[in-house]
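Undergrad: I would like the atomic coordinates for the input below:
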Amino acid sequence: MPPSLPFANSPARISKWPDLHGVGIALSLHEWQCTQQKLLVVICANASMALQLSDELSYLARDQYSVINFPEWETLPYDQFSPHQDIISDRLKAMNELPRLQRGVLIIPAATLSNRLPPCDYVELRALKLEKGQLLDVAQLRTKLGRSGYQNVEIVRDHGQYAVRGSLIDIFPMGTSEPVRIDLFDDEIETLKFFDVDSQRTTRAVEFIELLPAQEVPTDRNHRLAFEEAWHEQFDVDFNAVPMYQDIINGLTTPGIEYFLSLFFDETTSILDYCPTDSHLCLVGDISSALDRHWRDISSRYEQFRGDTQRPILAPHLAFHPVDQSMARIKAFARYQLAIDERNPIRDLGVSIDGRREQPLEILKQHLSKQRKPVVISVDSLGRRELLDEQLRKAAIAVELVEHWDDIADQSTASCYLLASPFYEGTITPAGVQVFTDAELYGLQVRQTRRRNEAVSDDSLIIRDLSQLEVGDPVVHIEHGIGRYRGLENLTIDGEVIELVALEYAGDATLYFSVASLHVLSRYSGSDPDSAPLHRLGSETWNNAKQKAAEKARDAAAELLDIYARREAKKGFAFPDPGPALGQFAASFPFEETPDQEKTINAVVADMMAPRAMDRLVCGDVGFGKTEVAMRAAFVAVHAGKQVSILVPTTLLAQQHYDNFIDRFKDWPVRIEVISRFKSDKAIKEISESLAEGKIDILIGTHKLLQSSLKFDDLGLLIIDEEHRFGVRQKERIKSLRAEVDILTMTATPIPRTLNLAMNGMRDLSIIATPPAKRLKINTFVRENDDNLIKEAILREILRGGQVYFLHNEVTTIERTAEEIKALVPEARIGIGHGQMRERELERVMSDFYHRRTNVFVCTTIIETGIDIPNANTIIIHRADKFGIAQLHQLRGRVGRSHHQAYAYLLTPPYKGLKKDAKKRLDAIANTGELGAGFTLATHDLEIRGAGELLGDQQSGQIHSVGFSLYIDMLEQAVADIKAGRSPSGFEGLQTTGEVDLQIPALIPDDYVGDVNERLVLYKRISNTKTPAELRALQIELIDRFGLLPQPTKRLFDVNEVRQRCQTIGIKKLVCSATGGKIVFADATTIQPLQIVQLVQQQSRIFSLQGANELRFGLPLEDREQRLVWVNDLIDHLSKTTQAS
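TA: Numbers count the residues shown, from 1 in each chain. The predicted structure is shown next:
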């Protein structure tokens, strides 16, 4: 936007800019800000626009001016837990910098204007500067850090934490991106160095650091006294019955304390009060409407919670700034209104890159030839830029690579520029420059990959790729059988370094093979890895084992296909497409969907719209968003006029689902009811009558829903939460319903037989393995039972305002255990729960824990399937050696359901005395603290116990002899053969492996990727790719993670592209050296024999046949580039014969 554009110079005036779209908004703001010496405050109608502008302006600004982001709390009004420390860190940084900032851009979502903040000098008065050479009293520093809200921990991993170890002090200051390590010499600061959170290694030295307070609410003595006085003025309740009040008075940080900030200060402020009075405001979107919507949400939540005497809350006008106050603050500044043009002018041009066309870049090429002004193509990473640059040059499109937007010097002549930037959507600038992004060129939002690097999980890979391969692990080579992995080795042949995989076989034999052929290798998992049957190279034992396993797979496949055919024939109700209504419902989801969640939702909706009855199993760790999947499915059903039944294992869980569904469906005319033993007979009767009359849309409840007395008017969808928790009779009733309605089953840990049903095609399977944003993995420790450890773990949690599960699975001694904990930690408020208590009493104690009236819950495994308690972030499991993997994982999943770091302590008797299987289970759970590990653990269980329980005893012998992964491949091959009307090919069908040896250095050098395990994983992933698109995606990933590809790694991708082409047309093996080579055709090749014969006749000096399946060729191919081109040309020729036939 030209800087000469009229702008409001006084608060009385408001100027308007023309409607802008996409990155045009950021470009206009950037161009204007470059000419100014003031602060520009950009207020966005929603958080997503604020995030977009923050990314784009931070990129554009470089060092010209500061860009400050002041984020939303990302909690709901009156929430019972506090914002994540990273968010508080960003906010405190902004509050610290703004009063001194004369030039820059502040970006805020409109909702943050309602946040009450401390006085403008709050952060500055409490900041502490530490510099090199300064004398430091460690005891005084501890005291100051404690008063500022910092937590003392063992290992610093998050903002607002510190640890003291002798002369070393680690602190993660608020407002910095990295923690800092202070090294003392006596009492003098000798060095200050930032360090990496993951490796804990120092990175770079600094001269000084500034320690900001760790929270927006002060908890020092003077402010606690002010809070106490103000509290009694506002509330007439028994403060002894309010845990939150007690925590604050005792100096503890309590979750949700932010909503009481006005009780700590005489006056509170808004973020606009921190800005210089001559700042300019830019309003992006309808800010007034956004503030009104937010205020309605605040008022609705207040009405929902105001009656809780044990957690009283302030009235909205005391907890938040009302809308009129926020608007008055806005009007005090010179400002302008910017409207967002919903129409994308770039997309209207109809220019795209269509991979399905023979010449994907032709439309773009024609468009560029007509332009008289520059065209800028922006992609989201350097990896994508390199690949697109290569594609454009091959298509003879002249393009200039630029590092930054500012490098596009001449914007008046026709040129095509290619850059990597965080632009979300394209635009046409006022100067006529067209800016394209991935979103327009590829017709999809590639931007997601920049925000969340997790790929959508491949369900089959999660199940089969059991865990990272380590030296000594048993593996299966499809040609040579079961051996042990001995690592990667570099060999020099003819002066060229090649990397090989080494496998050990029986008789101390070693097999070496190329990393480019890693697709022939799989992890062995049929029984205990220590007893895997190693094969002897060259013997017939392996072929015999494969033959027997293939026969069994053929029988199993026929049986499975019969089941599958019956399932496919079962007609269900095809739900109509809900259209835009589903989009509107999805828009009210307050979080960003994870890739897996999005994939699962799409699969469920597609299932429901299909004519056959849905029977889908959704597996996902606790807190990963399975409930939202259920809500979307319920919406589709209700929108079509059908009823929904939601079956859960416990009364408390039923109530929680009811509350969540009521909250999500509040804007829709949907009637939701809950049925449980807490309902009176009269209420149940009324619900039953309304249900039969079709007046209830969604009914939630426990097994009572399965009673024959409950009649639905038109049931369309049954949602089951944790089916394995129901009894035999309930399961039989569920089974009878499967023939009538769509069924969606949700579980956190797949029990083996459930997994089996899904894998065998009897039920569809979706896996949600990517965690929500800002969820942290659970730190898991296996420790011998120790009172000091228990005391420390409980204190650490309750001192940060959290809650603790202490699991003791012996009812006879649980009371004594609770007394021992009380003696260890007198500050704890302890509740006890177990399965032998009366139901009403059990519900009461669990309700006390849910409402934070108790903060340590001593219990048995009754919590295994339970309600969400985001504030409970530590679990201590006594005698963890007695539990199975799935159960330990489920129990551990009770914590870590918020943004806070969660801890799991698995306590055992002396470790040396534990049984071997118990040690393996504990090691497995401790080593898979990652979120979404349920499936890895289910397959670890398979390794430890054998595969009999998974696929039945009949098939377990074959799995032991060839390994689980290869057996499943055989099973899939047999199913595919029978479906296609072919005679099952057994293991022969698996041997079209596309083994390629071009005698070209094709490897990942160790100076490019240093970690040998990481290299192995990358080799395996590259060799497992099936399409060129998958190869390109991996190239992009490697460039982004490790830098530009070295030549040998480029060649590795080239060789794998040749492998893919060989597999497509049925070439079993291709060898090509400097003097010639050979091609071995698979039995099932698609190339016509007559075409091969003609090739030999026409070029007899080059080609000759050796037997029925081998084509040999001889010619000079010393130049490697020439060799690669010649091989691809030969495959092109053979492919044409395939097409011609």
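
Undergrad: any residues touching stretch 62-71, and which ones?
TA: Contacts made with stretch 62-71 from outside it, assessed by C-beta atoms under 8 Å, 6 or more residues apart in numbering, are listed as 33-34, 47, 50-51, 54, 57-58, 61, 87, 90-91, 93-94, 97-98, 101, 103-109, 112, 271, 404, 406. Placement of C-beta: from N, CA and C, glycine included.

Undergrad: now the helices for the stretch 501-650 of the chain?
TA: Using DSSP state H, counting those that start in this stretch, the helices of the stretch 501-650 of the chain run over residues 541-569, 580-587, 595-609, 626-639.

Undergrad: of these, which stretch is the most buried?
TA: Using mean count of other C-beta atoms under 10 Å, the stretch among the helices of the stretch 501-650 of the chain with the greatest mean number of neighbours is helix 626-639 (a mean of 24).

Undergrad: I'd like the helices of the stretch 501-650 of the chain as a markdown table, with mean pLDDT and distance to Ile790 appended.
TA: Written out in a markdown table, the entries for the helices of the stretch 501-650 of the chain read as follows (pLDDT from 0 to 100; distance: least, C-beta to C-beta, whole Å):
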| stretch | mean pLDDT | distance to Ile790 |
| --- | --- | --- |
| helix 541-569 | 70 | 49 |
| helix 580-587 | 86 | 44 |
| helix 595-609 | 90 | 36 |
| helix 626-639 | 95 | 32 |
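
Undergrad: now render the ones you listed as CSV, adding distance to Gly146.
TA: Putting the helices of the stretch 501-650 of the chain into CSV (distance: least, C-beta to C-beta, whole Å) gives the following:
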stretch, distance to Gly146
helix 541-569, 62
helix 580-587, 43
helix 595-609, 39
helix 626-639, 38
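
Undergrad: buried subset of the contacts of stretch 62-71?
TA: Neighbour counting with 16 or more other C-beta atoms under 10 Å marks 33, 47, 50-51, 54, 57-58, 61, 87, 90-91, 93-94, 97-98, 101, 104-109, 112, 271 as buried within these.

Undergrad: so which helix or strand takes in Ala50?
TA: Secondary structure here is read from DSSP states H and E; on that basis Ala50 sits in helix 47-61.

Undergrad: what does that helix contact?
TA: Contacts of helix 47-61 from elsewhere in the structure, counted by C-beta under 8 Å, 6+ apart, are 23, 25-27, 29-30, 33, 42, 44, 67, 69, 71-72, 105, 107-109, 111, 284-285, 340, 405, 421-424.

Undergrad: tell me which of those fall in strands.
TA: Val42, Cys44, Val67, Asn69, Val105, Ile107, Ile108, Pro109, Val284, Ile340 (DSSP state E).

Undergrad: okay, these in JSON lines with distance to Tyr524 and pLDDT next?
TA: What follows is these, written out as JSON lines (distance: C-beta to C-beta, whole Å; pLDDT from 0 to 100):
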{"residue": "Val42", "distance to Tyr524": "57", "pLDDT": "97"}
{"residue": "Cys44", "distance to Tyr524": "54", "pLDDT": "94"}
{"residue": "Val67", "distance to Tyr524": "53", "pLDDT": "95"}
{"residue": "Asn69", "distance to Tyr524": "49", "pLDDT": "93"}
{"residue": "Val105", "distance to Tyr524": "57", "pLDDT": "97"}
{"residue": "Ile107", "distance to Tyr524": "53", "pLDDT": "97"}
{"residue": "Ile108", "distance to Tyr524": "56", "pLDDT": "97"}
{"residue": "Pro109", "distance to Tyr524": "52", "pLDDT": "94"}
{"residue": "Val284", "distance to Tyr524": "57", "pLDDT": "93"}
{"residue": "Ile340", "distance to Tyr524": "56", "pLDDT": "80"}
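
Undergrad: which of those residues lies closest to Val180?
TA: Within the ones in strands among the contacts of helix 47-61, the smallest distance to Val180 is 21.8 Å, found for Asn69 (C-beta to C-beta).

Undergrad: for burial, what's the neighbour tally of that closest one?
TA: 20 (other C-beta atoms under 10 Å).

Undergrad: again, but for Leu318
TA: For Leu318, the tally of surrounding residues (other C-beta under 10 Å) stands at 17.

Undergrad: now for the helix or strand containing it, which elements pack on it?
TA: Taking DSSP H and E as the criterion, Leu318 maps to helix 316-319. With contacts defined as 3 or more C-beta pairs under 8 Å, 6 or more residues apart in numbering; DSSP states H and E, the packing partners of helix 316-319 are helix 287-305.

Undergrad: who's in contact with the closest residue to Gly1114 other than its chain neighbours?
TA: Closest residue to Gly1114 apart from its sequence neighbours, by C-beta to C-beta, 6 or more residues apart in numbering: Gly1076 at 3.6 Å. In this structure, Gly1076 makes contact with Arg1112, Phe1113, Gly1114, Leu1115, Leu1117, judged by C-beta under 8 Å, 6+ apart.

Undergrad: repeat for Leu518
TA: By C-beta under 8 Å, 6+ apart, the residues touching Leu518 are Val501, Leu1016, Tyr1019, Lys1020, Ile1022, Ser1023, Asn1024.

Undergrad: 7 Å - rerun?
TA: Residues in contact with Leu518 (C-beta atoms under 7 Å, 6 or more residues apart in numbering) are Val501, Tyr1019, Lys1020, Ser1023.

Undergrad: now those residues in CSV, with neighbour count, distance to Lys685 and secondary structure?
TA: Formatted as CSV, the contacts of Leu518 follow (neighbours: other C-beta atoms under 10 Å; distance: C-beta to C-beta, whole Å; DSSP: H, G, I helix; E, B strand; the rest coil):
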residue, neighbour count, distance to Lys685, secondary structure
Val501, 24, 69, strand
Tyr1019, 25, 66, helix
Lys1020, 18, 61, helix
Ser1023, 22, 64, helix
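
Undergrad: list the buried ones in the helix holding Leu318?
TA: Buried positions in helix 316-319, judged by neighbour count with 16+ other C-beta under 10 Å: Pro316, Leu318, Ala319.
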